[in-house]
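Engineer: output the structure for:
(chains A, B and C, ligands or ions: 4)
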Amino acid sequence: MKDCIYLDNNATTQVDEEVLGAMLPYLTLYYGNPSSMHTFGGQVGSAIKTAREQVAALLGAEPSEIVFTSCGTEGDNAAIRAALAAQPNKRHIITTEVEHPAILNLCKNLERQGYTVTYLSVNNQGQLDLSELEASLTGNTAVVSIMYANNETGVIFPVEQVGQMAKEYGALFHVDAVQAVGKVPLNMAESTIDMLTLSGHKIHAPKGIGALYVRRNTRFRPLLIGGHQERGRRAGTENVPGIVALGKAAELAAYHLQYGTSERELRDYLEQTILTIIPDTVLNGHPVQRLPNTSNIGFKFIEGEAILLSLNQYGICASSGSACTSGSLEPSHILRAMGLPYSVLHGSIRFSLSRFTTQEQIQKVLEVLPGIIDRLRALSPFNSD
Amino acid sequence: MKDCIYLDNNATTQVDEEVLGAMLPYLTLYYGNPSSMHTFGGQVGSAIKTAREQVAALLGAEPSEIVFTSCGTEGDNAAIRAALAAQPNKRHIITTEVEHPAILNLCKNLERQGYTVTYLSVNNQGQLDLSELEASLTGNTAVVSIMYANNETGVIFPVEQVGQMAKEYGALFHVDAVQAVGKVPLNMAESTIDMLTLSGHKIHAPKGIGALYVRRNTRFRPLLIGGHQERGRRAGTENVPGIVALGKAAELAAYHLQYGTSERELRDYLEQTILTIIPDTVLNGHPVQRLPNTSNIGFKFIEGEAILLSLNQYGICASSGSACTSGSLEPSHILRAMGLPYSVLHGSIRFSLSRFTTQEQIQKVLEVLPGIIDRLRALSPFNSD
Amino acid sequence: MWEYTDKVMEFFYNPRNQGTITEKQEGQAITTGEVGSIACGDALRLHLKIDEATQIILDARFQTFGCASAIASSSALTELLVGKTLDEALSLTNREIAEFLGGLPEEKMHCSVMGQEALEAAIFNYRGIPLDHHEDDEGALICKCFGVTDARIRRVII
Ligand SMILES: Cc1ncc(COP(=O)(O)O)c(C=O)c1O
Ligand SMILES: Cc1ncc(COP(=O)(O)O)c(C=O)c1O
Ligand code: FES
Ligand code: FES
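Structural biologist: Ligands and ions are numbered 1, 2, ... in the order given. Sure, this is the predicted structure:
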């Protein structure tokens, strides 16, 4: 699969070779349990410490504010449950209609347990209306949870403004930054965010590791209860190789954020060319308030899966909807929440780039895509008019 | 650390080279998200399928009954919470005093939420009294959770008898088999067990992966809520390399279970020699109803940490108490529950072997240990008589 | 990921009989059946050329808006139809369409249902029979885009 053109980096990313190099010794020689007393365990403990510092540095946080988890979903679940457990008298949650299932399905579950959930709507560019947030906040609001950037459109929410308002009502503020971390600079030291979720496999670390930022002095209850790992905030023997990998991935992400990559230019080139040379195409999501790596494009009158499969024939990997909903037959809940017309809803494709994406790869996509779209439109009953 | 003598395999194990070989391609070439539609994701999906079959085969279970988790602690937490959520009217839990903190601390937490918990006691050989279980069971008992084998002493509980009694009262039956899997043969097809926890890093897979067996038709509620991974029983992008590794580790464990290793002979030789040549030593736990790899020995009149540190000097890794509690200064809750005298309580060491343990390593331990014990006893005020 | 057979892929990448039918000779009829809509995310327009004397289908063409299996199923349907009488065609089940393709993933069985319904629509159109809209369907929607219910699919498959 070396020569696959992988434009599905919002689903998952390849492990950076340096990251693999950093973690390998912890899959071989240094297999000790960090909780063990012997030297063998101790060595591993200091590797975890370094990784914690690396992740903290990427977020502008303190190492003690980082809790390692197994994935983004765990971080999201842990944050919301902790916020509720810490404030048992508050029974209201505010989130948005376009969150990841890790938040949305959890919230639906909590509704069945007697919590009230407000799902903020978005406009047709995927943006929040802050006055709707203002109107929803009450003293009963335990937590406001919004994503930093949307996984399907890349649209970025005005996180600090939301946080400011949440604080005014005494609500905890959680941000699902799984898609934002490594793509936009973050500085927890000057933020209103109380808890922030990230996931390793979105930033060139392997699957199976993530982290939750928990601001110092935030009342917290662990989701996984057991041993005293992670200072009592997440029990279970530490995924040492994963943690070391996440640390290295965070360090590399910080480097690339500072010194730049060609992601944005390549994305813009891909997007502009498609919108120009292929008729009946539209950009989904706000054109500017957006991640630099994501482009979600609607191809009218044809269906997304057919496009994906045709791209797949050329070794091009992209997606329609998020990976975890593409198994279902429904169109993306995110594009639906944006109120896009049906002709766009069913034929939208997400291209998501990474720092490993090359000019040649984008060129190849632009060569084959127009033919694919033409062929499918020729098959479509809606195109003859 | 190649030449370290590692006798702490109940804390964690080294990754088998074959396991590493199996997982590596999924850390490099095959990084797709199994939920993605493109071929790239699909390849990964079939690797997960194979791993699920391998784990199922080790347990004598159906592949559909295996849910991958991030560790033993998650499996334990998920099982208990699922059992409670599925039977909201039942508010009683039965477990034992010698469980791992992943069960014990969770149960203490649940007591604060209004559940009643019975902690079954053990005798001075670490064994249960089934009449105490019988007396504790009521129609209100949601779940009985006991460990298959104890992490510190290796003592094996009469799981099927317990399960039989649990069934009679309509309680769900969970078994923490983190220490038993790979060491004793299991056959879920002919068992009373409804849910069973295992952890990869105890069977030569890496840290960060585990599995929960959930018997078909058992009502289950996921602990992690989000996407539809693991057929809705555990959300979060799958730890593909970890899952593949666990599959391979399960296959190897099944092989070694069938064709044997020298673990038991080496353990017996180590244990018998220590008890014979070093005075004032006792075996903790039942001598027969026990895992083949574990030996917990009390060295009277001296303190465990001092022994460990001295062993460490010779590159020998062992432990006192379980890894996750050894950071604390209290003597093991397990040995205390067994009612051992203080002279033993503070000076007990667990040696836990693996299939990689060699005759030479055991010989080396036996060479240095008597001297260490002598030296420490010479320092002890309790030894002068 | 959907597990498509090679034949599904072949019929998706190189579909047979796409397009419309406009020309006919004396003694022939052209009829069209449509199901689905752009709102549903799936739609199929099926065109048939019928020999009026023998009631034999001489040609079948399709236009499909939908996923890969919808396109492949439509194309497979047209291959199956040519040479059959209308009555024979009406007894064709979606299962036969799927079998012709070497099988469809379970989640995609409904894509073949669409072909069967379009066929029914085309023939009923030709015969002037009003269409049954299956408005009595009950059960959970399993394909919201297409509005096929569990119960309906079971009915069609079995
Ligand atoms: C009996 C038992 N249960 C549960 C666990 C927890 O497993 P993990 O460390 O993988 O979370 C352990 C080991 O630490 C154990 O020995
Ligand atoms: C915005 C967002 N939140 C949460 C997640 C869940 O992360 P994970 O798959 O690591 O559980 C994802 C990705 O799948 C995501 O894009
Ligand atoms: S004297 Fe050192 S632990 Fe108590
Ligand atoms: S027609 Fe194939 S998914 Fe609906």
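Engineer: give the residue spans of chain C that score low on pLDDT.
Structural biologist: In the predicted model, chain C carries pLDDT under 70 at residues C:1-2, C:132-158.
Engineer: which residues are in contact with the one helix or strand in chain A whose mean pLDDT sits lowest?
Structural biologist: Scoring the helices and strands of chain A by mean pLDDT, DSSP states H and E places helix A:342-345 at the bottom, with a mean of 86. Contacting residues not belonging to helix A:342-345 are listed as A:282, A:284, A:298, A:300-301, A:331-332, A:335-336, A:382, C:37-39, C:41 [CB atoms under 8 Å, 6 or more residues apart in numbering or on different chains]. Placement of C-beta: from N, CA and C, glycine included.
Engineer: do the same with stretch A:243-254
Structural biologist: Contacts to stretch A:243-254, defined as CB under 8 Å, 6+ apart, come from residues A:15-16, A:18-20, A:22-23, A:26, A:47-48, A:50-55, A:57-58, A:68, A:181-182, A:200, A:203-206, A:209-211.
Engineer: contacting residues for residue 97?
Structural biologist: With no chain named, the answer covers chain A. Counting by CB under 8 Å, 6+ apart, residue A:97 has contacts A:119-122, A:333, A:337.
Engineer: my bad, the chain I had in mind was chain C
Structural biologist: C:73, C:76-77, C:80, C:112, C:115-116.
Engineer: three-state assignment of it?
Structural biologist: Three-state assignment for residue C:97 (DSSP: H, G, I helix; E, B strand; the rest coil): helix.
Engineer: name the helices or strands packed onto the next helix or strand after the least confident helix or strand of chain A?
Structural biologist: As assigned by DSSP states H and E, the chain's next helix or strand after helix A:342-345 is strand A:348-352. Strand A:348-352 sits against helix A:263-277, strand A:294-299, helix A:304-313, with contacts defined as 3 or more CB pairs under 8 Å, 6 or more residues apart in numbering or on different chains; DSSP states H and E.
Engineer: buried ones in the first one?
Structural biologist: Okay, so that is helix A:263-277. Buried residues in helix A:263-277, counted by 16 or more other CB atoms under 10 Å in any protein chain shown: A:263, A:266-267, A:270-271, A:273-274.
Engineer: is it true that residue A:92 touches residue A:142?
Structural biologist: Yes - Residue A:92 lies in contact with residue A:142 (CB atoms under 8 Å); the separation is 6.3 Å.
Engineer: more neighbours: the two, which one.
Structural biologist: Taking neighbours as other CB atoms under 10 Å in any protein chain shown, residue A:92 and residue A:142 compare with residue A:142 leading, 22 against 19.
Engineer: secondary structure class for the more buried one?
Structural biologist: strand.
Engineer: per-residue pLDDT, it?
Structural biologist: On pLDDT, residue A:142 comes in at 98.
Engineer: please apply the same query to residue A:254.
Structural biologist: 97.
Engineer: look up how far chain C lies from residue A:238.
Structural biologist: 32 Å (CB to the nearest CB, to the nearest Å).
Engineer: what is the burial count for residue A:288?
Structural biologist: 8.
Engineer: over to residue A:299?
Structural biologist: Residue A:299, neighbours per other CB under 10 Å, totals 26.
Engineer: in contact with the residue nearest to it when sequence neighbours are not counted, which residues?
Structural biologist: Counting by CB to CB, 6 or more residues apart in numbering or on different chains, residue A:299 lies nearest to residue A:347, which is 4.4 Å off, once chain neighbours are set aside. Contact partners of residue A:347, counting by CB under 8 Å, 6+ apart, are A:298-304, A:307.
Engineer: what is the nearest of those residues to residue B:368?
Structural biologist: Distance ranking of those against residue B:368, using CB to CB, places residue A:304 first at 67.1 Å.
Engineer: isn't the closest one up against residue A:349?
Structural biologist: Yes - in terms of CB under 8 Å, residue A:304 counts as a neighbour of residue A:349; the distance is 5.9 Å.
Engineer: what do these two both touch?
Structural biologist: Common neighbours of residue A:304 and residue A:349 (CB under 8 Å, 6+ apart) are residue A:320.
Engineer: just the buried members of the contacts of stretch A:243-254?
Structural biologist: A:15-16, A:19-20, A:22-23, A:26, A:47-48, A:50-52, A:54-55, A:58, A:68, A:181-182, A:200, A:203-206, A:209-211.
Engineer: now the residue nearest to residue A:299: phi and psi?
Structural biologist: As for residue A:347, its main-chain torsions (degrees, to the nearest 10) stand at phi -120, psi 40.
Engineer: neighbours of residue 17, how many?
Structural biologist: I went with chain A, as the question did not name one. 10.
Engineer: that's the wrong chain, I meant chain C
Structural biologist: By other CB under 10 Å, 19 other residues sit near residue C:17.
Engineer: quick check: the gap between it and ligand 4.
Structural biologist: Note on residue C:17: its distance to ligand 4, by CB to the nearest ligand atom, to the nearest Å, is 18 Å.
Engineer: just checking, that residue touches residue C:63?
Structural biologist: No - with contact defined as CB under 8 Å, residue C:17 does not count as touching residue C:63 (10.4 Å).
Engineer: all strands of chain C, in order?
Structural biologist: C:28-37, C:42-51, C:56-65, C:141-143, C:148-149 (DSSP state E).
Engineer: closest to chain B out of those?
Structural biologist: Closest approach to chain B among the strands of chain C is made by strand C:141-143 (14.2 Å; CB to the nearest CB).
Engineer: count of residues packed around the residue nearest to residue A:130 when sequence neighbours are not counted?
Structural biologist: In this structure, residue A:130 finds its nearest non-sequential neighbour in residue A:161, 6.2 Å apart by CB to CB, 6+ apart. Summarising burial for residue A:161: neighbours were counted as other CB under 10 Å, giving 13.
Engineer: now do the SS call for residue A:161.
Structural biologist: helix.
Engineer: same question, residue A:114
Structural biologist: Following three-state DSSP, residue A:114 is assigned to coil.
Engineer: that one touches residue A:91, doesn't it?
Structural biologist: Yes - with contact defined as CB under 8 Å, residue A:114 counts as touching residue A:91 (6.7 Å).
Engineer: hang on, residue A:46 is in a strand, isn't it?
Structural biologist: No - judged by three-state DSSP, residue A:46 forms no part of a strand; its state is helix.
Engineer: state the distance from it to residue A:39.
Structural biologist: 11 Å (CB to CB, to the nearest Å).
Engineer: out of these two, which sits in the more crowded spot?
Structural biologist: More crowded of residue A:46 and residue A:39, by other CB under 10 Å: residue A:39, with 16 against 10.
Engineer: surely the more buried one is in contact with residue B:314?
Structural biologist: No - counting by CB under 8 Å, residue A:39 sits too far from residue B:314 to count as a contact (11.2 Å).
Engineer: so where's the stretch 251-385 of chain A shaky on pLDDT?
Structural biologist: A:321-330, A:383-385.
Engineer: at contact distance from chain B, anything in the lengthiest helix in chain C?
Structural biologist: Across chain C, the longest stretch assigned as helix under DSSP state H is helix C:109-127. No - using CB under 8 Å from any CB of the partner chain, helix C:109-127 stays clear of chain B, with a minimum separation of 15.0 Å.
Engineer: using PDB, write out the CA atom coordinates for that helix.
Structural biologist: C-alpha atoms of helix C:109-127 as PDB (Å, rounded to 0.1, in the frame of the first residue of the first chain):
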ATOM      1  CA  MET C 109     -29.700  -6.400  -0.400                       C
ATOM      2  CA  HIS C 110     -32.100  -3.600  -0.700                       C
ATOM      3  CA  CYS C 111     -30.200  -2.200  -3.600                       C
ATOM      4  CA  SER C 112     -31.400  -5.200  -5.600                       C
ATOM      5  CA  VAL C 113     -35.000  -4.600  -4.400                       C
ATOM      6  CA  MET C 114     -34.900  -1.300  -6.200                       C
ATOM      7  CA  GLY C 115     -34.300  -3.100  -9.500                       C
ATOM      8  CA  GLN C 116     -37.200  -5.500  -8.900                       C
ATOM      9  CA  GLU C 117     -39.500  -2.600  -8.100                       C
ATOM     10  CA  ALA C 118     -38.500  -0.600 -11.100                       C
ATOM     11  CA  LEU C 119     -39.200  -3.600 -13.200                       C
ATOM     12  CA  GLU C 120     -42.700  -4.000 -11.700                       C
ATOM     13  CA  ALA C 121     -43.300  -0.300 -12.300                       C
ATOM     14  CA  ALA C 122     -42.300  -0.600 -15.900                       C
ATOM     15  CA  ILE C 123     -44.500  -3.600 -16.700                       C
ATOM     16  CA  PHE C 124     -47.400  -2.200 -14.800                       C
ATOM     17  CA  ASN C 125     -47.000   1.000 -16.700                       C
ATOM     18  CA  TYR C 126     -47.100  -0.900 -19.900                       C
ATOM     19  CA  ARG C 127     -50.200  -2.800 -18.800                       C
END
